[in-house]
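Below: sequence and its predicted model.
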Amino acid sequence: MTEEKMVQIFKSLSDSNRLKILNYLGKGELCACELLEYLDISQSTLSYHMKNLIETDLILVRQVGKWSYYRINKEVFYGFKDYVKGLKYSNIMRKEC
């Protein structure tokens, strides 16, 4: 995963509403109407957050008629986990500059 992609993901994850959405989607695929039942936000606010999560590839969307069903993109999350795991902490822990 590129550094630019990681920056986008970190920015996307920095919003509490998007973290809540991801938490609910972690339990399985949901439609927007179900997410609205769990969240204290408007339809337009949900659409804004979903657009962001889709653009960063954190979630996938499936259309069935007029309904949109969302699920976590596990492949991207695995890549994100591997990236974070691979960070080299030894440079952070240096005693001198």
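Yes, it's here. Residues are numbered from 1 along each chain as shown.

Walking through this protein, point out its strands one by one.
30-31, 59-64, 67-72 (DSSP state E).

What is the burial count for E3?
8 (other Cβ atoms under 10 Å). Bear in mind the C-beta positions are built from the backbone N, C-alpha and C, glycine included.

swap in M50?
M50 has 18 neighbours, counted by other Cβ under 10 Å.

Contact partners for it?
I21, A32, I59, V61, S68, Y70 (Cβ atoms under 8 Å, 6 or more residues apart in numbering).

right, and the fourth one touches I54 too?
Yes - V61 sits in contact with I54 when judged by Cβ atoms under 8 Å, with a separation of 5.9 Å.

can I get the strands of the chain in a markdown table with mean pLDDT, distance to Q8 and mean neighbour count?
A markdown table is the format used below for the strands of the chain (pLDDT from 0 to 100; distance: least, Cβ to Cβ, whole Å; neighbours: other Cβ atoms under 10 Å):
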| stretch | mean pLDDT | distance to Q8 | mean neighbour count |
| --- | --- | --- | --- |
| strand 30-31 | 96 | 23 | 16 |
| strand 59-64 | 95 | 13 | 14 |
| strand 67-72 | 95 | 16 | 16 |
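
for those strands, which one sits closest to S47?
strand 67-72 (9.6 Å; Cβ to Cβ).

Tell me what angle that closest one forms with strand 59-64.
150 degrees (axes from the mean of the first three to the mean of the last three Cα atoms, to 10 degrees).

Dump strand 67-72 to PDB, restricted to CA.
What follows is strand 67-72 as a C-alpha-only set of coordinates in PDB (Å, rounded to 0.1, in the frame of the first residue of the first chain):
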ATOM      1  CA  TRP A  67     -31.000  -0.200  -1.800                       C
ATOM      2  CA  SER A  68     -27.300   0.000  -1.100                       C
ATOM      3  CA  TYR A  69     -25.700  -2.600   1.000                       C
ATOM      4  CA  TYR A  70     -22.300  -2.000   2.600                       C
ATOM      5  CA  ARG A  71     -19.600  -4.200   4.000                       C
ATOM      6  CA  ILE A  72     -16.000  -3.900   5.100                       C
END
